[in-house]
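Colleague: next input, structure requested:
(2 chains)
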Amino acid sequence: MKRRHFITTFLAGAILPALTPLLEKLPNYAKFKKFLRPPGAKKEQAFLKACIGCGQCANVCPNKCISMHGFEDGFENLATPYIVARSKACTLCMACTQVCPTDALAKLDPTEAGMLAVNMGTAYVTEDICYSFHGRTCGACYRACPLQGKAMTIGLFEKPYVHPEFCVGCGLCEQACIHMPQAIRVLPRGFNIVEQSV
Amino acid sequence: MNELKSTSFFKRHQGRILLVVSVITRATVLSLLCLFAIWTEYLNLKVAYNHPRLVELSSGKMMRLFYEYSDRFFSMFGDPIEVMQTNGGMTWSIRIMGVPFTDPIAALSLVVKNHELPLGFMLGLIIPLGIALVFGRLFCSYICPASLVFFTISRLRRLLKRFFYLPEFNINRGFAWGMLTGGLLIALLYGHGVWTLLLPYFAIGQTIFHGIAFGALSASLGTVVIFAMIDLLLGHQFTCRYICPTGRLLGVIGRKSLVSVNRNASQCLDQCQMCNQICPLQAMPKQDHLMDCSLCGECLTICPTNCLTIGLKRK
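Modeller: From the prediction side, this is the model:
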């Protein structure tokens, strides 16, 4: 090997890894699209770094709620898992967190403490169309909630009140909502509707 | 001739037997991928309904028989639901009865992108790397489900060659290193999803999984079709030789493998080059240069003097 080649390759090897933090600054399509990830997922960018798309979480899911991305939602999300809560919501059985080989999904137990450690998103009630806010008692979302009394409490006529500090975003309320379109929706984490409306 | 007859049946037909075995094992892996996808559906039914109700619900006699037999099979190992959950994944990161297998490329990609390698993921590397160290590129002709497609294509190509002129193109083997580094760079910039486009076996896993578990036609089928067309038009197993980064990596890891093709130099004809020409991975048994040997047994079937055997490497 010539000395010139050695120096250029050495410099490239030394400088290029130092530039990798700049990659975070690049415009990234994935930053603008939010998806409901399986329970125990890290923050969105860290999750996309760790998930290699092996599909074991989708294989193991007894509820079959986890789907794998194709090309439709961008190259960054290709072969990563997501959940559509309205068609099938997560039951927080934590089977997927136990099998993830790369720890993209942190290991959790199917206990209440494990459930509270999940942060998939937050439920948001659209009061304009909710039956209970118009004097017709419904309460379907409250009955579906796995963390009744903590994540969701009910008032007069079974009006649902979501407490975002406890709501884990499993989406069972959205699946159970009898109004069409759904009056309660799970917003994936990092999606703050209050900030956007201000 | 007397010497030939004195050798046992298995010695004489070793190449043919290995070819048949390789097709069977690859078909098993392919059907295993399908079964994993079908069992996700079954797991859903199993959790939602109890067993007698499930049998009523499953329409069609075939499906009912399949569910009954898989239930009976899994109950040999314990609770069927728990056992079923110990299986899953695609060829590139798979768990069979709780034993993890990891693709070395997945580990490289994870190190590049995530800068860390979880312990369980690292333990999954032991069996694939051990196989590569002992048997060389065994993965390429006994496990890889995509190579079953390319094997079929190469047979088709051999058939078509009788009627048409099909040229063989050769490029530098280093192209696969370019695929590897380029793939790692794209994985660093965008995400690990790029490997569905670059690795044929991952693309096949995705296609099967999307097709059976979600009922959707996956775009990664396009990857498989493109690789198959490249194989058909450009050369005999072109993808496995020059494009697949996994094959190149395993070939280099296993270049001093314990098991490989042995040549009996006293019987070997000087002018004959049949084994070098038929080798799907461009190993050279004639020159005892076996870096990319995957023990497929093609050279054993074609050798006119039967001087090649597969076994522990001599000296």
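Colleague: any idea how far chain A is from residue B:275?
Modeller: To chain A, residue B:275 is 35 Å away according to CB to the nearest CB, to the nearest Å. C-beta coordinates here come from the backbone N, C-alpha and C atoms, glycine included.
Colleague: buried residues in the host helix or strand of that residue?
Modeller: Using DSSP states H and E, residue B:275 sits within helix B:274-278. Residues B:275, B:278 are the ones in helix B:274-278 that count as buried (16 or more other CB atoms under 10 Å in any protein chain shown).
Colleague: residues in contact with that helix?
Modeller: Contact with helix B:274-278 is made by B:284, B:285, B:286, B:287, B:298, B:299, B:302, B:303, B:304, B:308, as judged by CB atoms under 8 Å, 6 or more residues apart in numbering or on different chains.
Colleague: overlap between these and the residues near chain A?
Modeller: For chain A, no contacts are drawn from these by CB under 8 Å from any CB of the partner chain.
Colleague: for the residues you listed, which one is nearest residue B:76?
Modeller: residue B:298 (38.1 Å; CB to CB).
Colleague: please, where are all the strands along the stretch 1-150 of chain B?
Modeller: B:88-90, B:93-96, B:99-102 (DSSP state E, counting those that start in this stretch).
Colleague: just those: most buried one?
Modeller: Most buried of the strands of the stretch 1-150 of chain B by mean neighbour count (mean count of other CB atoms under 10 Å in any protein chain shown) is strand B:88-90; its value is a mean of 26.
Colleague: check which residues of the following helix or strand past the helix holding residue B:275 are buried.
Modeller: Next along the chain after helix B:274-278, taking DSSP H and E as the criterion, comes helix B:298-302. Across helix B:298-302, burial judged by 16+ other CB under 10 Å covers B:298, B:299, B:300, B:301.
Colleague: repeat that for stretch B:256-276.
Modeller: B:257, B:259, B:260, B:261, B:262, B:263, B:268, B:275.
Colleague: how far does that stretch sit from the chain's center?
Modeller: Mean-position distance between stretch B:256-276 and its chain equals 24 Å (CA atoms, centre = their mean, to the nearest Å).
Colleague: got the CA coordinates for it in CSV?
Modeller: The C-alpha coordinates for stretch B:256-276 follow below in CSV (Å, rounded to 0.1, in the frame of the first residue of the first chain):
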residue,chain,number,x,y,z
LYS,B,256,-10.1,-22.4,6.2
SER,B,257,-13.1,-24.6,7.1
LEU,B,258,-12.5,-28.1,8.5
VAL,B,259,-14.9,-29.8,6.1
SER,B,260,-14.4,-29.3,2.4
VAL,B,261,-13.9,-31.0,-1.0
ASN,B,262,-10.9,-33.4,-1.1
ARG,B,263,-9.3,-34.2,-4.5
ASN,B,264,-7.5,-37.4,-5.1
ALA,B,265,-4.7,-36.0,-7.3
SER,B,266,-3.5,-39.4,-8.6
GLN,B,267,-6.9,-40.1,-10.3
CYS,B,268,-7.6,-36.5,-11.4
LEU,B,269,-7.3,-35.9,-15.2
ASP,B,270,-4.9,-33.1,-16.2
GLN,B,271,-7.0,-31.6,-19.0
CYS,B,272,-10.5,-31.9,-17.4
GLN,B,273,-11.9,-28.6,-16.0
MET,B,274,-15.5,-29.8,-15.4
CYS,B,275,-15.6,-29.2,-11.7
ASN,B,276,-14.4,-25.6,-12.0
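Colleague: so what touches stretch B:82-97?
Modeller: Counting by CB under 8 Å, 6+ apart, A:52, A:54-56, A:59-60, A:62, A:95, A:99, A:101, B:29, B:32-33, B:36, B:39, B:42-43, B:46, B:74, B:77, B:98, B:100-103, B:105-106, B:121, B:124, B:143-145, B:195, B:199, B:201-202, B:204-206, B:209 sit against stretch B:82-97.
Colleague: for PyMOL, write the select line for the buried members of these.
Modeller: The PyMOL selection below is limited to those of the contacts of stretch B:82-97 classed as buried (16+ other CB under 10 Å):
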select buried, (chain A and resi 52+54+55+56+59+60+62+95+99+101) or (chain B and resi 29+33+36+39+42+43+46+74+100+101+102+103+105+106+121+124+143+144+145+195+199+201+202+204+205+206+209)
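Colleague: show me what residue of chain A gets nearest to chain B.
Modeller: residue A:78 (2.6 Å; CB to the nearest CB).
Colleague: which helix or strand contains that residue?
Modeller: Applying DSSP H and E, one finds residue A:78 in no helix or strand.
Colleague: and the pLDDT for the residue in chain B that chain A sits nearest to?
Modeller: Per CB to the nearest CB, residue B:193 is where chain B lies closest to chain A, at 2.6 Å. pLDDT for residue B:193: 86.
Colleague: how many other residues sit next to it?
Modeller: Neighbour count of residue B:193, defined by other CB atoms under 10 Å in any protein chain shown: 27.
Colleague: need the contact list for it.
Modeller: Per CB under 8 Å, 6+ apart, neighbours of residue B:193: A:53, A:69, A:75, A:76, A:77, A:78, A:79, A:80.
Colleague: reformat the residues you listed as JSON lines; add distance to residue B:253 and pLDDT.
Modeller: Shown next, in JSON lines, are the contacts of residue B:193 (distance: CB to CB, whole Å; pLDDT from 0 to 100):
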{"residue": "A:53", "distance to residue B:253": "24", "pLDDT": "88"}
{"residue": "A:69", "distance to residue B:253": "32", "pLDDT": "86"}
{"residue": "A:75", "distance to residue B:253": "30", "pLDDT": "81"}
{"residue": "A:76", "distance to residue B:253": "31", "pLDDT": "82"}
{"residue": "A:77", "distance to residue B:253": "32", "pLDDT": "85"}
{"residue": "A:78", "distance to residue B:253": "28", "pLDDT": "85"}
{"residue": "A:79", "distance to residue B:253": "26", "pLDDT": "86"}
{"residue": "A:80", "distance to residue B:253": "29", "pLDDT": "90"}
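Colleague: okay, those residues in JSON lines with distance to residue A:191 next?
Modeller: Formatted as JSON lines, the contacts of residue B:193 follow (distance: CB to CB, whole Å):
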{"residue": "A:53", "distance to residue A:191": "23"}
{"residue": "A:69", "distance to residue A:191": "18"}
{"residue": "A:75", "distance to residue A:191": "21"}
{"residue": "A:76", "distance to residue A:191": "17"}
{"residue": "A:77", "distance to residue A:191": "15"}
{"residue": "A:78", "distance to residue A:191": "21"}
{"residue": "A:79", "distance to residue A:191": "23"}
{"residue": "A:80", "distance to residue A:191": "17"}
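Colleague: would you list those in CSV and tack on neighbour count?
Modeller: Conversion of the contacts of residue B:193 to CSV gives the following (neighbours: other CB atoms under 10 Å in any protein chain shown):
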residue, neighbour count
A:53, 27
A:69, 18
A:75, 16
A:76, 20
A:77, 24
A:78, 24
A:79, 27
A:80, 25
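Colleague: please tell me how far the nearest residue to residue B:293 once chain neighbours are set aside sits from residue B:259.
Modeller: Nearest residue to residue B:293, sequence neighbours excluded (CB to CB, 6 or more residues apart in numbering or on different chains): residue B:283, at 4.3 Å. Residue B:283 sits 13 Å away from residue B:259, going by CB to CB, to the nearest Å.
Colleague: next: residue A:19.
Modeller: From residue A:19 to residue B:259 the distance is 44 Å (CB to CB).
Colleague: again, but for residue A:107
Modeller: In terms of CB to CB, residue A:107 sits 39 Å off from residue B:259.
Colleague: hmm, which helix or strand of the chain has the shakiest average pLDDT?
Modeller: You didn't pick a chain, so chain A it is. helix A:193-197 (a mean of 50; mean pLDDT, DSSP states H and E).
Colleague: can you pull up the residues of the stretch 201-315 of chain B that come close to chain A?
Modeller: B:205, B:206, B:209, B:210, B:213, B:214, B:216, B:218, B:219.
Colleague: next step: the residues you listed restricted to helices.
Modeller: B:205, B:206, B:209, B:210, B:213 (DSSP state H).
Colleague: what's the single longest helix in chain A?
Modeller: Chain A, longest helix under DSSP H: helix A:3-19.
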